[in-house]
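K.L.:
sequence plus the predicted model coming up.
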Amino acid sequence: MEGKPQERLKLAVTWAPPKVAQAMEKLQRELQETLEMLSPQELSNFRAILKKLDEEPRVSPVQLELEGRPAAGLAALLAKHYYLEAPRVLAKVLKQLPRADLLPRWQSDPTACSRVIPTKILKRSFDYVENELDRYDLSGKRKAFLMCVKKDRPGSDQDIRQMETWLGKCQFERTLCIDPDKKGLIETLTVFRDGLNEIKDEIACCLVTLMSHGENGFIKMKNGDKVSLEDVFEMFNNKNCPALHEKPKIFIIQACRGEKKDNGIETDDEPMESDDISERRRLPTFSDYFIIYPTQPDHVALRHSRNGSVMIAAMIDVFQQYGNKCHIVDFFTKVNNKVVHAEFYLHEEPIKVSLVMESTLTRSVYF
């Protein structure tokens, strides 16, 4: 049984300190006043539009079903889910209903929401304000290695073009390696790595992109030879690439990791020694890595014969929307959200993919 409107207001702001809670309640009341002017059919249409709205974070169908009824519940959900963006999201949906007559209240003054929630408490109590010390210093040279096997991979030319565009906008100097054999890839990677070590003090980060056929733990060359991904990662660890000590090492792997297909569904730690045995500062052998895979272990990755790889295309779409505003983990989280919620078919069967991120980063990466 649904709670009374006032009870919903209290439930939606239990996370906030008193001043924020009061401001949030005021915002919810104003949202509710607008929503109560909609007919039952318009409220139903409002929920349907909100479900499909391209706004982050997305409201799930389950949330709408459990929390988005009646108008009071929907107001609470908007305030809790979108916070300061709630008025803008409300206006966006009202335009599509359409109920333009309700827009003036929310569009007449862009600072209206700031007055509802005072600027001194714009951030939630648990929001963390990042400072420069929490970011990697990327003011030096950014070096990228881009390898692509084009043989028997329709769409790979599009992948190369899109990756080159993205890397250029992120200010990376690129080294291209197209259709290598196993020996050629290792030799070219070694030259690239050694080049980083020669200009140690000038390097800010490196990014290695490998696009090919593959299986779990390996990528395949044009002649079918396999190259171990672990061997590639090891080439850039803190022992073999001192130029990248405490600097981000990013790997984008666009390759299958097996043959499994996800058709989707309908809607003990080792003991530590605490004593300090040495005053000499040390680093783990593998640190400051970020690795992104286009699919889960043992599963296929997706590539369109004209549009290129699903992950690469989604990266470009997200970059066009957000630019360099996101930390790399947040960036690929948005890419994953786009990929996960897209519909794909392989041999007329539905297929779903989800990106996989592995990270030993110690700071945020902003290009």
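P.N.:
That came in fine, so what should we check first?
K.L.:
the stretch 1-150 of the chain: strands as residue ranges?
P.N.:
Taking DSSP state E, counting those that start in this stretch, the strands of the stretch 1-150 of the chain run over residues 141-148.
K.L.:
check the stretch 201-350 of the chain too.
P.N.:
Using DSSP E, counting those that start in this stretch, strands in the stretch 201-350 of the chain cover 203-211, 213-215, 218-220, 226-228, 249-254, 289-293, 303-304, 308-309, 344-346, 349-351.
K.L.:
go through those and name the closest to Ile178.
P.N.:
Closest approach to Ile178 among the strands of the stretch 201-350 of the chain (C-beta to C-beta): strand 203-211, 10.0 Å. All C-beta atoms are positioned from the backbone trio N, CA, C, and that covers glycine.
K.L.:
taking strand 289-293 as reference, get the angle to that closest one.
P.N.:
20 degrees (axes from the mean of the first three to the mean of the last three C-alpha atoms, to 10 degrees).
K.L.:
parallel or antiparallel, list what pairs with strand 203-211.
P.N.:
strand 141-148 (parallel), strand 249-254 (parallel) (DSSP bridges).
K.L.:
now these as CSV including distance to Val191?
P.N.:
Below are those laid out as CSV (distance: least, C-beta to C-beta, whole Å):
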stretch, distance to Val191
strand 141-148, 10
strand 249-254, 17
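K.L.:
before we move on, the earlier item: got CSV for the strands of the stretch 201-350 of the chain, with mean neighbour count too?
P.N.:
Listed next are those as CSV, based on neighbours: other C-beta atoms under 10 Å:
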stretch, mean neighbour count
strand 203-211, 23
strand 213-215, 20
strand 218-220, 21
strand 226-228, 16
strand 249-254, 23
strand 289-293, 20
strand 303-304, 19
strand 308-309, 24
strand 344-346, 12
strand 349-351, 13
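K.L.:
CSV for these, including distance to Asn197 and mean pLDDT?
P.N.:
Formatted as CSV, these follow (distance: least, C-beta to C-beta, whole Å; pLDDT from 0 to 100):
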stretch, distance to Asn197, mean pLDDT
strand 203-211, 9, 97
strand 213-215, 28, 93
strand 218-220, 24, 95
strand 226-228, 21, 96
strand 249-254, 13, 97
strand 289-293, 17, 95
strand 303-304, 34, 88
strand 308-309, 31, 92
strand 344-346, 41, 83
strand 349-351, 42, 87
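K.L.:
need these in a markdown table with distance to Val59, can you?
P.N.:
Formatted as a markdown table, the strands of the stretch 201-350 of the chain follow (distance: least, C-beta to C-beta, whole Å):
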| stretch | distance to Val59 |
| --- | --- |
| strand 203-211 | 34 |
| strand 213-215 | 36 |
| strand 218-220 | 38 |
| strand 226-228 | 43 |
| strand 249-254 | 30 |
| strand 289-293 | 26 |
| strand 303-304 | 29 |
| strand 308-309 | 29 |
| strand 344-346 | 23 |
| strand 349-351 | 23 |
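K.L.:
so which of those is nearest Asp157?
P.N.:
strand 308-309 (7.8 Å).
K.L.:
who are the packing partners of that closest one?
P.N.:
helix 156-169 (3 or more C-beta pairs under 8 Å, 6 or more residues apart in numbering; DSSP states H and E).
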